[in-house]
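In: fold the following and give me the result.
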Amino acid sequence: MKHSLRTYLLAMLPFALPAAAQTGRSAYDFLNIPTSSHVFGLGGTNIALIDDDVSLAGQNPALIGPEIDRQLAFSYMHYMGGSNFAGVRFGKAAGERGAWAAGVRYLNYGEITGYDPDGTMTGTFSPADVVFEGTYSHDFTYRLRGGINLKMIYSNYEQYSAFAIAADLGINYYDDDHDFSVSLVLKNMGGQVKRFEEAYDRLPFDVQVGFMKGLGMSPFSFGITALHLTKWDLPYYDHKEGEETELKSNFGKNLFRHLIFGLQYQPNERFYVDLAYNYKMRSDMSNYQRNFFSGFSVGLGFKARTFSIGAAYAMPHKSASSILLNVGLNISELL
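Out: Below you'll find the model as predicted:
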């Protein structure tokens, strides 16, 4: 029962998450779901985005600083199959060169019917994952910042439960004179403290590198995020109607399956529009009914003095789309 249930839950994630499409090798791939609609619009993973947004702590702990003082952010996403994802995060300045944040992420997979080995229905249940996070960042110099994000992860799937501890380490270099940001992140380092059964489930450890660069005096900026850097070979199965499924892997395809390309239009500090392309997402969907938009994501956001709102959309599969919504409050300005 447990293995079939977890197989089903993991199979749902590729349709919901452009950034973590079909990794299929970890029971904890939900850790890669972003809480920032700005990031979701830029392909689901972006570790070098510069924005006064406490939600970015989940991408790279070095992306928050004193500028997020007393900021509160909420996020919500509805998945296919009745699944729901929600998150909340609060940030506070720690002196003139540091900041901390605390948050919770919750993923509920909806109501599922359980069966015993004989096929008899045993009732319904709602499996869920919860992540409690604490983040600290510090400015080493005017342009260099580092951070750490600690995570406690609890999963409950009917009568099975597990507990894990993980950490992210990140560093960011930002040159505001040339509108250039570059980051390195070691993500999801750790392991299980309590197992579902006898075998340990590994966390989706990853090494990520990324940059964002403003394009001259224009309102556009461009970025590339390289992920899954712990493994070069990322083959995929290509299925065409009337033909046998083919396993594909070559240098060019492997290279692009490690990269997410993002473009941002930001005419002023209050408004932005995002567009991104994730080749891995699109190629992973070749075994399913992908559409023209598979691999693409879009987002937009607006900021006022006291609040911010954002939304991002992706449709990797013609019968599955995801919209991530964000609302942020600047409590310092409200009081």
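
In: CA only for contacts and neighbour counts going forward, please
Out: OK.

In: Ser137 against Trp100, yeah?
Out: Yes. Using C-alpha atoms under 8 Å, Ser137 makes contact with Trp100 at a distance of 6.4 Å.

In: where in the protein is pLDDT low?
Out: 1-26, 80-81, 115-116, 237-248, 285-292, 316-319 (pLDDT under 70).

In: do you know how far Asp129 is from Val182?
Out: Distance of Asp129 to Val182, given as C-alpha to C-alpha, to the nearest Å: 31 Å.

In: shared neighbours of Ser137 and Trp100, anything?
Out: Common neighbours of Ser137 and Trp100 are listed as Gly65 (criterion: C-alpha atoms under 8 Å, 6 or more residues apart in numbering).

In: how far is stretch 37-52 from where the chain is centred?
Out: 9 Å (C-alpha atoms, centre = their mean, to the nearest Å).

In: go through that stretch and flag the buried ones.
Out: Within stretch 37-52, the residues scored as buried using 16 or more other C-alpha atoms under 10 Å are 37-50.

In: which of the helices or strands spans Ala276?
Out: Following DSSP states H and E, one finds Ala276 within strand 271-278.

In: after that strand comes which helix or strand?
Out: As assigned by DSSP H and E, the chain's next helix or strand after strand 271-278 is helix 279-284.

In: quick one: that following helix to chain centroid distance?
Out: Taking C-alpha atoms, centre = their mean, one finds the center of helix 279-284 at 16 Å from the center of the full chain.

In: and stretch 47-60, by the same measure?
Out: Its chain's C-alpha centre and that of stretch 47-60 lie 11 Å apart, by C-alpha atoms, centre = their mean.

In: can you tell me what sits against it?
Out: With C-alpha under 8 Å, 6+ apart as the test, stretch 47-60 has contacts from 34-36, 39, 45-46, 63-64, 67-68, 71-73, 89-91, 101, 135, 147, 149, 168-172, 181-185, 208-212, 225, 328.

In: hmm, try it at 6 Å
Out: With C-alpha atoms under 6 Å, 6 or more residues apart in numbering as the test, stretch 47-60 has contacts from 35-36, 68, 170, 181-183, 210-212.

In: how much space between the residue sitting furthest away from the middle of the chain and Gln159?
Out: Distance from the C-alpha centroid of the chain, by C-alpha atoms, centre = their mean, peaks at Asp118 (38.3 Å). As judged by C-alpha to C-alpha, Asp118 and Gln159 stand 18 Å apart.

In: ok, now Asn108?
Out: According to C-alpha to C-alpha, Asn108 and Gln159 sit 15 Å apart.

In: Asp69: neighbour count?
Out: 22 (other C-alpha atoms under 10 Å).

In: partner residues bridging the closest residue to it other than its chain neighbours?
Out: Among residues not flanking Asp69 along the chain, Lys92 sits closest, at 4.2 Å (C-alpha to C-alpha, 6 or more residues apart in numbering). Note on Lys92: beta-bridge partners by DSSP bridges are Trp100.

In: OK, contacts around Lys92?
Out: 69-70, 99-100.

In: just put the residues you listed in JSON lines and tack on distance to Leu335.
Out: Shown next, in JSON lines, are the contacts of Lys92 (distance: C-alpha to C-alpha, whole Å):
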{"residue": "Asp69", "distance to Leu335": "13"}
{"residue": "Arg70", "distance to Leu335": "10"}
{"residue": "Ala99", "distance to Leu335": "20"}
{"residue": "Trp100", "distance to Leu335": "20"}
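
In: buried subset of those residues as a ChimeraX selection?
Out: To isolate the buried ones among those in ChimeraX, judged by 16+ other C-alpha under 10 Å, type:
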select :69,70,99,100
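
In: any figure for the gap between the residue nearest to Asp69 and Leu56?
Out: Separation of Lys92 from Leu56 (C-alpha to C-alpha): 14 Å.

In: kindly report the same for Thr141.
Out: In this structure, Thr141 and Leu56 are 20 Å apart, going by C-alpha to C-alpha.

In: and the contacts of the strand holding Ala276?
Out: Contacts of strand 271-278 (C-alpha under 6 Å, 6+ apart): 41-43, 260-266, 295-302.

In: helices along this protein, start to end?
Out: Assigned by DSSP state H, the helices in the chain fall at 2-16, 37-41, 251-257, 279-284, 331-334.

In: starting at the chain centroid, how far to the third one?
Out: What it means is helix 251-257. Centroid separation between helix 251-257 and its chain, computed with C-alpha atoms, centre = their mean, is 21 Å.

In: tell me which residues of it come out buried.
Out: 253-254, 257.

In: excluding its backbone neighbours, what's nearest Gly170?
Out: Distances taken as C-alpha to C-alpha, 6+ apart put Val185 closest to Gly170, at 4.3 Å, once the chain neighbours are dropped.

In: who's in contact with the one you found?
Out: Val185 is in contact with 169-170, 207-208, counting by C-alpha under 6 Å, 6+ apart.

In: same question for Thr306.
Out: 329-330, 333.

In: I am finished for the moment; much appreciated.
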